[in-house]
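Q: structure of the sequence below:
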Amino acid sequence: MLPRHPVAEPWREPGGPQGLTGSVDRTAGSVAEARWIVPAVILAALAAYFPFLSLPFISDDYIQLDLARKYGPTGGWMSLAADALYRCRATSLVLTSVIDHWFGLNASAHSAASLLIHVLNCLLVAAFGLWKPIGWRAAAIGAVFFAVHEGHQEAVVWVAALPELLVFFFALVAIHAWLLWLHDDRYGNLPLLITVGAYLLALLSKESGVVIVPLLGLGALVFRHFSWGVITALTAMGSVGVIYALAIFDKSATHLHLNDGTFNAAAPFWYTLVNSAWRIYWIWGFVAVAVLLALRVKGALKAVVLSLVWTLIALLPYAFLTYMSRVPSRHTYWASLSVAMLVGLAGHALWQRQASRLMAGCLLVAVLGHNIGYLWVKKLPQYERRAQATERFLDFARRTPGPIVIQCFPYGPEVAISAAGLIMDRRDDVFFTGKAPASATPYCDTEHP
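A: Residues are numbered from 1 along each chain as shown. Okay, here's the model as predicted:
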């Protein structure tokens, strides 16, 4: 067993370690008070995303399905292991392959699977209530906020963004198991083994999984729990992350995202990082910070600093993109957990004070109304428009026998090729400009905004 110096279990210790918010009511850790969290989180997530289940596949969803049929079955795993880009998304391709096997090209089934994983992720957020510095009430409020938060909606709505949901899931499993290992000797090194296993699965879900190691180190720092065993475990996992990264850069000559301009080490990552963090905190993150500081909650400043550190660490792998000055919403999924926790702590602080309970209720209504309303009124029509481009092409292909040449299309021609191959088994009938036979019928989408 790796040596470590356990402290009392944080969910049973009378005073609890002074971590994020020393003024939180310690009775809030009662598991009995957590029973309403599961239905609350499920209802919140359904309220926010149920209308999106009727969307058809959108652009890269077809590529995701194509790759899942190629790499997802066990017979394709050797080829997947040789692909420097998609082996880092192996879990999503295998899961997509399983869903495809059971439900076929049913967009609602794939969307429902993403929503289910989002719900599980929200419950893992709520599980931070196990740890005394946070408590069940604050964690529950944070989990409900995370369930409806519009800032990371693309990760939930877009089937092709499934890797973001999975890397977050395995990251939180690793973090919870790590904290259990730090605090409880009864399970030996089993929680550490779960941590390592979840970390490896996270690396097979998305490249951003490498930041789990510094987040585990942050957890050890928050709980003031460092020992040679902890340092050894972090060093070992960090070494795996370095080897993982070197294996990616070793294939830089053929790695798609290192050659198509998506990411570049010379990109102005500092600006993208700051700009993205600002957008994540706007508006409810800043409101939560203001509430915590205005109420002079003990440990509030420490909570804000830790929240910011979490945000920057989680965003860093995405900050080297070149095509935007901010990280796309799907990539902010686990960075936005920091805002959810601040909202939870602020909501709990308001509720603890009898005089501010009305304000807490009003803010809750405002938060839910703003996020769910924005998703329904603003984002749902946007996703419908995004889906229309491939739907129009498929309608054209159904009415057009023979080869088709893509002259103008809002997405890459490979999206149209995958869509035609999956829906109509006509992959060989769709061509890029300059590669089509003379008899090919031209297609140009002039309707996409």
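
Q: contacts and neighbour counts: CA atoms only from here.
A: OK.

Q: tell me which helix or strand of the protein sits lowest on mean pLDDT?
A: Within the chain, no helix or strand scores below strand 430-432, which has a mean of 89 by mean pLDDT, DSSP states H and E.

Q: sheet-wise, list the partners of that strand with their directions.
A: strand 404-408 (parallel) (DSSP bridges).

Q: quick one: buried residues of the partner strand?
A: I404, V405, I406 (16 or more other CA atoms under 10 Å).

Q: which ones are touching the first one?
A: The reference is to I404. Neighbour list for I404: A397, D429, V430, F431, A436, A440, T441, P442, Y443 [criterion: CA atoms under 8 Å, 6 or more residues apart in numbering].

Q: next, the distance between the ends of stretch 374-388.
A: 21 Å (CA to CA, to the nearest Å).

Q: from the chain's centroid, how far away is that stretch?
A: Centroid separation for stretch 374-388 versus its chain: 20 Å, with CA atoms, centre = their mean, to the nearest Å.

Q: buried residues in that stretch?
A: Buried, per 16+ other CA under 10 Å, within stretch 374-388: Y374, L375, W376, K379, L380, Y383, E384, R386, A387, Q388.

Q: likewise for stretch 264-280?
A: Buried-residue list, stretch 264-280, by 16+ other CA under 10 Å: N264, F269, T272, L273, V274, S276, A277, R279, I280.

Q: nearest to L46, of the buried residues of strand 404-408?
A: L46 has its nearest neighbour among the buried residues of strand 404-408 in I406, at 38.1 Å by CA to CA.

Q: among the buried residues of stretch 264-280, which has the minimum pLDDT value?
A: Lowest pLDDT of the buried residues of stretch 264-280: N264, 71.

Q: wait, that one sits on L321?
A: Yes. Using CA atoms under 8 Å, N264 is in contact with L321, at 6.3 Å.

Q: just confirm P442 is within a helix.
A: No. Counting by DSSP: H, G, I helix; E, B strand; the rest coil, P442 is not part of a helix but strand.

Q: find the nearest non-adjacent residue to it, please.
A: Of all residues beyond its chain neighbours, the one nearest P442 is V405 (4.8 Å), with distances taken as CA to CA, 6 or more residues apart in numbering.

Q: residue ranges with poor pLDDT in the chain?
A: 1-34, 253-261, 263, 448-449 (pLDDT under 70).

Q: wait, what's in contact with A177?
A: P191, L192, I194, T195.

Q: check contacts around V211.
A: Counted by CA under 8 Å, 6+ apart, V211 has contacts I313, A314, P317.

Q: which residues does stretch 89-100 contact?
A: Counting by CA under 8 Å, 6+ apart, 64-65, 67-69, 71-73, 80, 106, 109-110, 162-163, 166, 201, 204-206 sit against stretch 89-100.

Q: same thing but 7 Å
A: The set of residues external to stretch 89-100 that reach it, using CA atoms under 7 Å, 6 or more residues apart in numbering, is 65, 67-69, 71-73, 110, 162-163, 204-206.

Q: what of stretch 370-385?
A: Against stretch 370-385 from outside (CA under 7 Å, 6+ apart): A48, F52, L55, V148, H149, E150.

Q: which of the residues you listed sit farthest apart?
A: Farthest pair in the contacts of stretch 370-385, by CA to CA: L55 and H149, 19.4 Å.

Q: those two - which one has more neighbours?
A: Neighbour count, other CA atoms under 10 Å: between L55 and H149, H149 has more, with 26 against 18.
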